[in-house]
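In: have a look; sequence and predicted model below, questions after that.
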Amino acid sequence: MKLSRRTILQGAGSLPFAIASLRTGASAQSAPVAAPGTEVPPILFVHGNGDYDALWMTTLWRMESNGIARDRMMAINFTDPNARSDDKVEQANRSSTEDQRRELAAAIAELKRRTGAARVALVGSSRGGYAIRNVIKNGGAGDVSHAVLCGTPNHGVFATDDQPNNEFNGRGVFLRGLNEGESEVTPGVAFLTLRSDGMDKYAQADGRFIGKPGTPTGVTNEGPELKGATNLVLGALDHREVAFHPRAFREIYKFIAGREPARIAIVPEPAVRLSGLVTGTPGGVSTNRPVAGATVDIFRVDPETGERKGGALHSAKTGADGRWGPAQVDPAWSLEFVLASPDTPTTHIYRSPFPRSSDVVHLRAARPLGPADKDAGAVVIMSRPRGYFGLPRDVVLFDGKEPADVKPGVPTDAAATLRLPASEVGRNIVAEFGEERIVARAWPAQENRIAVAELTY
């Protein structure tokens, strides 16, 4: 049976309203319907491959804006978020499926301890859904009430007979183990999958999105769906947006709470307190391992020019735990974070105002200046961590033009780079995505500095 309904949401972006298609098999488990006022279970958010818990910041803010207490939510930060090429062979700074299962099981136990709850709800983006399914299938079902899998490639990014120990292979050992049986979900846990209608780069029939153009992957747009789950299609959202977009938030909240959210918009706090973690890329691999000895300076900047308004609001040097903060800021202030981390470029990160407090404002230095930058007087990067740039789907303007290094069609790029001549060092650069607008300054590359306009939405 296939039912259709129109999903109308408030929120950011230039996307048209999407048609959300609900698919449930005869054996699908429905989420428990909570009566108004019923307490929502504690929620643990699980990031994807190469990512970190900071991606859930806007989701946490939306949950708080709907009355979910901050201390009843948690977002895991996997030590080594990148998967191994072969799940059975150790790789420096990369994790196995068992590593992730073990870390997630410990996080579940900690959230239960902290809240006194018997069961928690789990929400995962992409690879994070693998860890969720692995925990539930292998002894953790009694600890989990709900499992929401957002863009998780449940039947693989590819499904071929080679690379049998690659966890992203739908015909590989790991996913065959998770998907065996008539139902692909574990009884006693309510499962929801959220997927894109053709705009997820990891659910494509053609291998060009994984570096093998013209080679069939063996998977389809429907790859994230599971037999026995409630499977929801969120229209033209991309691989990350099906976890972090306002539309995704609505479905996540409704499934766990059993009712519509009172609001989609984030409610600002009168005073904002920020803190976070500095992490690094040992051997060129992104990790969530703390970096000691990094300095973090925060400045208030003019939202129209990017120029600093006074001295540093906060200055800190990280210890062994890699933490910085807390810093007190106004929810209306545009900010510049200056990160000086050992053996990396000094990174000037420009951010939109933070409407609410957060302890997951994590900072990672920009990639080193490379051969492509050798003639540049300044390098400025426009970054969108919670989604990709889709052309012509989105309004994407970088210094007044659509970025030349963003490919049209299925959204695949989360960053664009602008290289300026030395004569333009010091001028302002405007980064625009939808209705979000950030003004950065071009810093001299010869001083080993890079500017990043980091989008929040």
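Out: Structure received. Bear in mind the structure is a predicted one, so any value in this text is a computation, not a measurement.
In: wait, Ala147 touches Asn134, no?
Out: No - with contact taken as CB atoms under 8 Å, Ala147 and Asn134 are classed as non-touching, separated by 11.1 Å. (Each C-beta comes from the backbone N, C-alpha and C, glycine too.)
In: of those two, who's got more company?
Out: Ala147 (28 against 21; other CB atoms under 10 Å).
In: contacting residues around that one?
Out: Ala121, Leu122, Gly124, Gly129, Ile132, Arg133, Ile136, Val185, Val189, Ala190, Phe191, Leu192 (CB atoms under 8 Å, 6 or more residues apart in numbering).
In: would you state the strands of the stretch 151-300 of the chain in chain order?
Out: 190-195, 230-233, 272-279, 295-301 (DSSP state E, counting those that start in this stretch).
In: re earlier: just the closest of the contacts of Ala147 to Ile381, please.
Out: Gly124 (27.5 Å; CB to CB).
In: tell me the secondary structure at the closest one.
Out: Under DSSP: H, G, I helix; E, B strand; the rest coil, Gly124 falls in the strand class.
In: tell me the contacts of it?
Out: Contacts of Gly124 (CB under 8 Å, 6+ apart): 45-48, 130-132, 147-150, 152, 243.
In: can you rerun that using 6 Å?
Out: Val46, Ile132, Leu149 (CB atoms under 6 Å, 6 or more residues apart in numbering).
In: relative to Gly223, how far out is Leu149?
Out: Leu149 sits 11 Å away from Gly223, going by CB to CB, to the nearest Å.
In: more neighbours, those two?
Out: Leu149 (31 against 25).
In: could you say which helix or strand holds the more buried one?
Out: strand 144-150 (DSSP states H and E).
In: the longest helix in this protein is where?
Out: helix 97-115 (DSSP state H).
In: what residues of that one count as buried?
Out: Within helix 97-115, the residues scored as buried using 16 or more other CB atoms under 10 Å are Thr97, Asp99, Gln100, Arg101, Glu103, Leu104, Ala105, Ala107, Ile108, Leu111, Lys112, Thr115.
In: in contact with the first one, which residues?
Out: With contact taken as CB under 6 Å, 6+ apart, Thr97 is in contact with Asp87, Asn134, Glu167, Phe174.
In: next one: the second one
Out: Under the criterion of CB under 6 Å, 6+ apart, the contact list for Asp99 is empty.
In: would you mind measuring from it to Ala83?
Out: 10 Å.
In: which of the contacts of Gly124 sits closest to Leu277?
Out: The closest of the contacts of Gly124, once distances to Leu277 are taken by CB to CB, is Val46, at 17.0 Å.
In: tally of neighbours for the closest one?
Out: 34.
In: okay, it and Asn231: tell me how far apart.
Out: Taken as CB to CB, the span from Val46 to Asn231 is 19 Å.
In: going by distance to Gly258, which of the contacts of Ala147 wins?
Out: Distances from Gly258 to the contacts of Ala147, taken by CB to CB, are shortest for Ala190, at 10.0 Å.
In: who's that closest one bridged to?
Out: His146 (DSSP bridges).
In: ok, now Val338?
Out: Beta-bridge partners, per DSSP bridges, of Val338: Asp297, His348.
In: that one contacts Ile298, correct?
Out: No - Val338 is beyond contact range of Ile298, at 7.7 Å (criterion: CB atoms under 6 Å).
In: quick one: low-confidence parts of the stretch 1-150 of the chain?
Out: 1-38 (pLDDT under 70).
In: and Val361, how close does it get to Gly306?
Out: 19 Å.
In: now Ala229. Nearest residue, chain neighbours left out?
Out: Phe191 (3.7 Å; CB to CB, 6 or more residues apart in numbering).
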